[in-house]
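# this is a predicted model, with the sequence first.
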Amino acid sequence: MTQSDTAPLVAILDDEPEIRQILSDTLEAAGLRTQCFGRARDFEAALARITPELCLIDLSLPDSDGLALVHRLALEKGASVIIISGRSQVQDRITGLELGAEDYITKPFAPTEVLARVRARLRDTSRAPAPQGDTAQFSGWQAHFDRYVLVDEAGTEVPFSHAEGAVLRLFLDNPKRLISRAQMQDNLGGSAGDSFDRAIDVRISRLRAKLGEDPKNPRLIKTIYGAGYIFVSDVDWG
């Protein structure tokens with residue numbers, strides 16, 4: 001299939017040529033564009049001239065710590081990241097999600113599963129409602145979605161990841177309304193189950209920490225046990 005110049009670009013970082021080829025062939029056959037890298041330094045240098053809609057990142061890289069790279073991508077670039085790794089331990093999955101990845105696929109994988117996960121992430125981005133603006137103000141905070149930073153009343157900037165930003169925007173678009181887990185899944189994408197629930201819990205926990213919330217008695221993001229969450233603040237979009 002011929003790729004359009006406007007087709008979503010997926011960056012692939014894996015030191016195994018066979019894996020890169022399988023992923024590239026699968027995604028390009030589905031009409032997506034890909035750009036492959038075998039080294040983290042080449043990938044990071046390329047980010048100065050390309051803006052991928054999605055990054056597929058292996059954790060076991062010869063020249064970089066994959067988890068640290070995922071963290072930098074999520075916080076500094078606001079990038080959407082799916083980890084593809086041979087590390088299958090539950091703690092590795094949790095750590096990857098905590099550092100900003102939106103999904104985690106273990107090797108060996110079925111190429112069709114990767115394609116489905118990639119399509120789900122891209123579909124989630126494309127179906128998102130038109131934003132009310134790039135900046136929202138609430139309870140002494142400003143959220144800048146063009147720069148992926150929160151700014152407090154003293155002007156201190158706190159970066160947030162693409163994944164955290166998706167949850168934050170959902171709250172800011174629906175202040176003082178109950179948002180159920182099912183609504184989160186529908187709006188944010190992902191498969192129902194423990195993996196999705198854990199990913200949401202991690203993102204909300206990180207958002208609360210960045211907003212200076214008391215985890216035992218948060219004042220902005222309230223948990224309604226058995227029902228969902230409520231963001232209890234007025235919101236002004238600029």
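Looks like it arrived, so ask away. Fair warning: this is a prediction, and the values are worked out from it, not measured in the lab.
# roughly how far apart are Gly31 and Asp25?
13 Å (Cβ to Cβ, to the nearest Å). Backbone N, C-alpha and C define where each C-beta goes, glycine included.
# ugh, wrong one, Ala45
24 Å.
# next one: Val118
13 Å.
# cool, and Leu168?
36 Å.
# so these two - more neighbours on which side?
A count of neighbours by other Cβ atoms under 10 Å puts Leu168 above the other of Leu168 and Asp25, at 24 against 12.
# doesn't His162 make contact with that one?
No: using Cβ atoms under 8 Å, Leu168 makes no contact with His162, being 10.6 Å away.
# quick check: which ranges of the protein have low pLDDT?
Scanning the chain for pLDDT under 70 picks out 1-5, 75-79, 124-133, 189-196.
# repeat the analysis, applying 50 as the threshold.
127-131 (pLDDT under 50).
# show me the residue sitting in the middle of it in space.
Nearest to the geometric centre of the chain sits Ala163, at 3.0 Å (Cα atoms, centre = their mean).
# ok, it - contacts?
74, 80, 97, 100-102, 199, 203 (Cβ atoms under 8 Å, 6 or more residues apart in numbering).
# grab the nearest non-local neighbour of Arg219.
Glu213 (6.5 Å; Cβ to Cβ, 6 or more residues apart in numbering).
# could you pull out the helices for the protein?
17-29, 40-46, 66-72, 90-98, 111-127, 162-173, 181-188, 194-210 (DSSP state H).
# ok, which of the ones you listed comes nearest Ser139?
helix 162-173 (11.1 Å; Cβ to Cβ).
# hey, C-alpha coordinates of the closest one in PDB?
Taking C-alpha atoms only, helix 162-173 is exported to PDB below (Å, rounded to 0.1, in the frame of the first residue of the first chain):
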ATOM      1  CA  HIS A 162       1.000  12.900  26.900                       C
ATOM      2  CA  ALA A 163      -0.800  10.100  28.800                       C
ATOM      3  CA  GLU A 164      -1.300  12.200  31.900                       C
ATOM      4  CA  GLY A 165      -2.400  15.100  29.700                       C
ATOM      5  CA  ALA A 166      -5.200  13.000  28.200                       C
ATOM      6  CA  VAL A 167      -6.600  12.200  31.600                       C
ATOM      7  CA  LEU A 168      -6.200  15.800  32.800                       C
ATOM      8  CA  ARG A 169      -8.000  17.200  29.700                       C
ATOM      9  CA  LEU A 170     -10.900  14.700  30.300                       C
ATOM     10  CA  PHE A 171     -11.200  16.100  33.800                       C
ATOM     11  CA  LEU A 172     -10.900  19.700  32.800                       C
ATOM     12  CA  ASP A 173     -13.500  19.300  30.000                       C
END
